Each structure stands twice: as C-alpha cells, then as structure tokens.
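Chemist: return atomic coordinates for the entry below.
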Amino acid sequence: MDNLTPESILVHSDDIVSREIEGELIIVPIASGIGDMEDELYTLNETGRSIWERIDGKRSLQNITGDLAEEYSATPDIIMKDVVGLAEELLKRKILVIKG
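Modeler: The predicted model follows:
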C-alpha cells in the first residue's frame, strides 16, 4: 500500500463484522467484494488479534506498535513489520480502511 505509513490510522471496514466464538476471533464479510469470496471467513492468530483489537480509528500504527512492544518481548522494529504486514493484507482484502 503506497500510502500506509507508521502514522496511518486504520478502522475496521463497515462491510465486515467480527465476533469472538469459543475464544477465536472470526471476521465475516457482510458485503460482496470483500475478500476473495463472498462467503469467506477470516480468523486471526493471537498476534493478529492483539493488533486487530488495537485498531480503533484513533491510534496510529506507530502507537499500536508501541503498545505491543510494552506488552511483548520483541523489538519495535519487528513488531512494526508484523503490524504493517497484517494491515497491508487486511487493507488489500478491504477488511480495514485508512481513516481520513
């Protein structure tokens, strides 16, 4: 994504819903054209879920990285790579959108 930067603020798309089912976060597209198939469901691993839960339309990717660096024993550079990687993938699938 050309315009994705550490200062980018993301929000969950209005075209999805997310629910916790038996301890697992499930993301469900509710509009056609989201993801690869209309009926596709997405789940996130523990790291992805930690990132997802911090995407609130207020915090930048840099802020989210800082929060995660305090919580986990990894360097901010490694965490930023994971945050940006997930954000790019979810932006491409239209599950996240850049605020603004």
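
Chemist: wait, isn't Leu25 in contact with Thr43?
Modeler: Yes: in this structure Leu25 lies within contact range of Thr43 using CB atoms under 8 Å: 6.4 Å. C-beta coordinates here come from the backbone N, C-alpha and C atoms, glycine included.

Chemist: those two: who's more crowded?
Modeler: The residue with more neighbours, out of Leu25 and Thr43, is Leu25; 17 against 11, by other CB atoms under 10 Å.

Chemist: what residue is smack in the middle of the protein?
Modeler: Centroid check for the chain by CA atoms, centre = their mean gives Trp52 as the closest residue, at 4.3 Å.

Chemist: could you say which helix or strand contains it?
Modeler: Here Trp52 sits within helix 46-54, counting by DSSP states H and E.

Chemist: just the buried positions in that helix, please.
Modeler: 48, 50-52, 54 (16 or more other CB atoms under 10 Å).
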